[in-house]
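K.L.:
Okay, structure incoming, though there's no sequence with it:
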């Protein structure tokens, strides 16, 4: 492609996005649908302003590569263990159920069982880019819905590796191998024996893992010592591009390689810096990817077989919805949450394009079947924002008899405290304040929660406490305290930051989900932090000590010492949080110190108790003798 042609295409794509996305957002359709509509309009099948989208798609897919790298950076062992049910339970069940259901449908349509199995596994994939973007815009990325959807998507990403090994075994043809059709260019292994291709594939994966583990950290340390931010950013991009190129050379998905590289670096001390440097490229390139998907919609094929294509697309979305909804209910998600997760995942995914090209090369699908599957996947991706918007309007935002946001005006006068978040945590703190005659203003963003708690007589106001205008209307400029007890980690940090910046009169007390969240809240200026499970866990441990034979005095002293030491440690280590190696060393040293102090104090208490027991026994003997 000539440079002037590339510039013209870039101009058209960017103009289409800048014009269509704000309009789509204003109409409540979301940015993803706006990008898809823009691509469809400027693509070769409508206005034909940019010709074939293949050249731009090759560049735009780098947005998915970056997205998968950033997701990989979040896949720490602790996260995998914490989300094990969502990933290896819910995720595996969704993939098997979706593959079985859609494979059965393809089989009923007369296809060979191997084609049906391959189609079921490929179409079970969902779009990581569309799902995460849509959930983020709807405010559902955090919390049970977002975590469940993320777990399913993560399992699908991990499943791509075995699928690359398994799908070629389903080959039904015996003709010559077609040109490499992965969508990422020809592999250098084209024409090589199958065992060579398999060895090269596993060798590339092993190279990414070993190189990421032992070579990248020294490299980033050397670059960080130069203190040149732009070079660090360039190095981060170099890493992603190099891994993507390596995967492409052996015929694998570049996005898969980037995901593996991210996983390897998830425990690196440079993880946060890498995320910060690469994040700005993600949004722009993902937007370009969505536009390219829209431009690639083959309206010619849809026009030739409209009933078939639309029926298959709707059938795909309904089948995936039913499978995910049933799996969600089986894993004890509420009907509403299971349906929301199912709607968000009811489409084909980016990896489906890659796998379709791969199985075409491996003679698992014919060219006609591959073209049909590609059209169905692309159309399902385009329809997902529409389906989600309709679901949101008809279900998520259906208020019925639920509380209206403006139903309660704020009372006159200055409140003593404002409580943001009236869930299980905020309720207890609020009851303690009101029982002592303090005036409290309560804010809650869940209409369903408000409808429930107002039945019990609570005067709770609807609204997002992170909005400065609402916080000011609630009396933040006059109140003494702000208690942050909302369930969204990121929003809690944003609220603490805004409150300390715009309302210096407020003392901010924030609920933290865990130690990492506590450090983030400390960093933005929260005055007091309370980890939600710390005190209950401490009481839990104290009960265990009592059951093991310790006296009430020794158990209470042990718990008190642990509390004081841990809270002091939390503040002392806040400056080094984020510097992984220094932080780990400091925690280890502190743990040793804590164990020594606790052991010394317990020995002192045992000695005192023994002396008191001896004194009591002597007094008793004197009393008997007298």
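P.N.:
Nice, I can see it. Being a predicted model, the structure only gives us computed values, none of them experimental.
K.L.:
going forward, measure contacts and count neighbours with C-alpha atoms only.
P.N.:
OK.
K.L.:
Can you get me a residue count around residue 599?
P.N.:
Under the neighbour criterion other Cα atoms under 10 Å, residue 599 is assigned a count of 13.
K.L.:
could you say which helix or strand contains it?
P.N.:
Taking DSSP states H and E as the criterion, the element that holds residue 599 is helix 580-625.
K.L.:
So for that helix, mean pLDDT?
P.N.:
Taken as a whole, helix 580-625 carries a mean pLDDT of 72.
K.L.:
before we move on, what about stretch 489-497?
P.N.:
Predicted confidence along stretch 489-497 averages 85 (mean pLDDT).
K.L.:
how many neighbours does residue 609 have?
P.N.:
When neighbours are defined as other Cα under 10 Å, residue 609 has 15 of them.
K.L.:
how close does residue 567 get to residue 289?
P.N.:
Here the criterion is Cα to Cα, to the nearest Å. By it, residue 567 lies 47 Å from residue 289.
K.L.:
nope, residue 248 is what I meant
P.N.:
The gap separating residue 248 from residue 289 is 18 Å, by Cα to Cα.
K.L.:
which of these two has more neighbours?
P.N.:
Set side by side, residue 248 and residue 289 show more neighbours around residue 289, with 26 against 22, by other Cα under 10 Å.
K.L.:
Show me which residues of the host helix or strand of the more buried one are buried.
P.N.:
Assigning secondary structure by DSSP H and E places residue 289 in helix 271-295. Neighbour-count burial for helix 271-295, counted by 16 or more other Cα atoms under 10 Å, picks out 271, 274-275, 277-278, 282-283, 285-295.
K.L.:
just stretch 484-504 next, same as before
P.N.:
Buried, per 16+ other Cα under 10 Å, within stretch 484-504: 484-489, 491-500, 503.
K.L.:
What is the host helix or strand of residue 568 packed up against?
P.N.:
Element membership of residue 568, judged by DSSP H and E, is helix 552-573. Contact here means 3 or more Cα pairs under 8 Å, 6 or more residues apart in numbering; DSSP states H and E; on that basis helix 552-573 packs against helix 534-547, helix 580-625.
K.L.:
between those helices, which one is nearest to residue 372?
P.N.:
Closest of the helices and strands packed on helix 552-573 to residue 372 is helix 580-625, at 48.9 Å (criterion: Cα to Cα).
K.L.:
quick one: that closest one to helix 552-573, angle?
P.N.:
Angle between the axes of helix 580-625 and helix 552-573 is 160 degrees (criterion: axes from the mean of the first three to the mean of the last three Cα atoms, to 10 degrees).
K.L.:
helices or strands next to helix 580-625 in the packing?
P.N.:
Contacts defined by 3+ Cα pairs under 8 Å, 6+ apart place helix 580-625 against helix 552-573.
K.L.:
What part of this structure, helix or strand, is modelled with the least confidence?
P.N.:
Taking mean pLDDT, DSSP states H and E as the measure, the helices and strands of the chain show their lowest mean at helix 54-74, namely a mean of 67.
K.L.:
With adjacent residues omitted, what lies nearest to residue 421?
P.N.:
The shortest distance from residue 421 to any non-neighbouring residue, by Cα to Cα, 6 or more residues apart in numbering, is to residue 486 (4.3 Å).
K.L.:
which SSE is the one you found in?
P.N.:
Since the elements are taken from DSSP H and E, residue 486 ends up inside neither a helix nor a strand.
K.L.:
Going forward, count from 374.
P.N.:
All set: I'll call the first residue 374, so the last point we hit is now residue 859.
K.L.:
What residues does it make contact with?
P.N.:
793-796, 799, 865, 884 (Cα atoms under 8 Å, 6 or more residues apart in numbering).
K.L.:
Just give me the least confident of these.
P.N.:
residue 796 (79).
K.L.:
Relative to residue 879, how far out is that one?
P.N.:
From residue 796 across to residue 879, the span is 22 Å (Cα to Cα).
K.L.:
who has more neighbours, these two?
P.N.:
Neighbours per residue (other Cα under 10 Å) separate residue 796 from residue 879, with residue 879 holding more: 23 against 16.
K.L.:
Checking my notes, residue 639 in a strand, right?
P.N.:
No: when the secondary structure is assigned by DSSP: H, G, I helix; E, B strand; the rest coil, residue 639 falls in coil instead of a strand.
K.L.:
gap between the nearest residue to it once chain neighbours are set aside and residue 892?
P.N.:
Nearest-residue entry for residue 639: residue 446, 4.3 Å, with adjacent residues in sequence omitted and distances by Cα to Cα, 6+ apart. Separation of residue 446 from residue 892 (Cα to Cα): 19 Å.
K.L.:
So for these two, which residue has more residues nearby?
P.N.:
For residue 446 versus residue 892, the count of surrounding residues by other Cα under 10 Å is larger for residue 446: 24 against 21.
K.L.:
just checking, that one touches residue 635?
P.N.:
Yes: with contact defined as Cα atoms under 8 Å, residue 446 and residue 635 form a contacting pair (4.3 Å).
K.L.:
What lies in contact with whichever strand or helix holds residue 571?
P.N.:
When secondary structure is defined using DSSP H and E, the element that contains residue 571 is helix 567-587. Helix 567-587 has contacts (Cα under 8 Å, 6+ apart) with 538, 562, 616, 619-620, 623-625, 630, 633-634, 637-638.
K.L.:
next helix or strand past it?
P.N.:
That would be, after helix 567-587 and using DSSP H and E, helix 589-598.
K.L.:
List the buried residues of that following helix.
P.N.:
The neighbour-count criterion (16+ other Cα under 10 Å) identifies 589-590, 593 as the buried residues of helix 589-598.
K.L.:
pLDDT and distance to residue 413 added to those, as a markdown table?
P.N.:
Shown next, in a markdown table, are these (pLDDT from 0 to 100; distance: Cα to Cα, whole Å):
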| residue | pLDDT | distance to residue 413 |
| --- | --- | --- |
| 589 | 77 | 41 |
| 590 | 74 | 43 |
| 593 | 77 | 41 |
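K.L.:
Helices of the stretch 624-773 of the chain, residue ranges please.
P.N.:
627-637, 644-668, 672-677, 679-703, 708-717, 723-734, 740-764 (DSSP state H, counting those that start in this stretch).
K.L.:
ok and the fifth one relative to helix 679-703, angle-wise?
P.N.:
If I follow you right, that is helix 708-717. In this structure, helix 708-717 runs at an angle of 140 degrees to helix 679-703, with the same axes, to 10 degrees as the basis.
K.L.:
Show me what helix 708-717 packs onto, helices and strands only.
P.N.:
In terms of contact count using 3+ Cα pairs under 8 Å, 6+ apart, helix 708-717 is assigned the packing partners helix 501-510, helix 516-539, helix 679-703, helix 740-764.
K.L.:
Nearest to residue 810, out of these?
P.N.:
Comparing the helices and strands packed on helix 708-717 by their distance to residue 810 (Cα to Cα), the top pick is helix 516-539, with 33.2 Å.
K.L.:
Next up, the contacts around residue 756.
P.N.:
By Cα under 8 Å, 6+ apart, the contact list for residue 756 reads residue 406.
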